[in-house]
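**Q** Structure for this input, please:
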Amino acid sequence: MEDGRISDASITASSVLFNSAKYLPTRARLETLAGAWCNNGSSDANPWIQVDLGSHVTITGVITQGHGEGYTQWVTEFKVAYSDDGQEWTDVTDDGSSTPKKFPRNSDGDTHVTTTFPGAFQARFLRILPTQWNVYCCMRFEVLGCTNNE
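**A** Purely as a prediction, here's the structure:
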């Protein structure tokens with residue numbers, strides 16, 4: 001995402017804080033300097049941000065980052081789901097479990113935190129579902145994996 005291979009239109013979210021351009025899903029790219037994706041607070045109790053990768057790829061993890069720019073806003077825990085069509089979703093779980101795995105993460109707005117999933121999977125869509133955050137639900141991220149040579 002950071003290098004621009006993923007188009008802005010391929011990054012969507014459940015809501016945007018204050019409907020501000022500074023908090024659009026396109027601001028969720030790792031190392032974005034002017035803002036981050038932030039959800040619309042209390043009116044969006046179950047926030048998510050997702051990326052359409054354009055084709056089925058192998059996904060192994062994510063790198064997350066908070067808002068940055070001196071703001072104390074970041075996601076401290078999240079779940080992940082993936083999909084082939086953007087309609088039906090499968091939760092990332094620990095092997096043998098049916099409970100969605102919660103990934104604990106960022107503790108500031110700038111540090112990159114790498115999360116490796118319990119197992120690689122193939123999907124076209126990846127959705128991050130924050131479950132806890134500091135001040136506001138804000139984040140930037142990168143998807144880890146590789147493209148398939150089909």
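**Q** pLDDT weak spots in the chain?
**A** Along the chain, the parts satisfying pLDDT under 70 run over 148-150.
**Q** Going along the chain, name the strands of it.
**A** Assigned by DSSP state E, the chain shows strands spanning 11-13, 37-38, 49-65, 74-83, 90-91, 103-104, 113-134, 138-147.
**Q** and the second one, which strands flank it?
**A** With DSSP bridges as the criterion, the sheet partners recorded for strand 37-38 are strand 138-147 (antiparallel).
**Q** for the longest one, same thing?
**A** Looking at strand 113-134 with DSSP bridges, its partner strands are strand 49-65 (antiparallel), strand 74-83 (antiparallel).
**Q** Adding mean neighbour count, write those out as TSV.
**A** Where C-beta positions appear, they are placed from N, C-alpha and C, glycine not excepted. Shown next, in TSV, are the strands paired with strand 113-134 (neighbours: other Cβ atoms under 10 Å):
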stretch	mean neighbour count
strand 49-65	19
strand 74-83	21
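**Q** Which among these is found nearest to residue 144?
**A** Nearest to residue 144, of all the strands paired with strand 113-134, is strand 49-65, at 4.2 Å by Cβ to Cβ.
**Q** now the strands paired with strand 113-134 as CSV including distance to residue 101?
**A** Output for the strands paired with strand 113-134, formatted as CSV (distance: least, Cβ to Cβ, whole Å):
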stretch, distance to residue 101
strand 49-65, 12
strand 74-83, 7
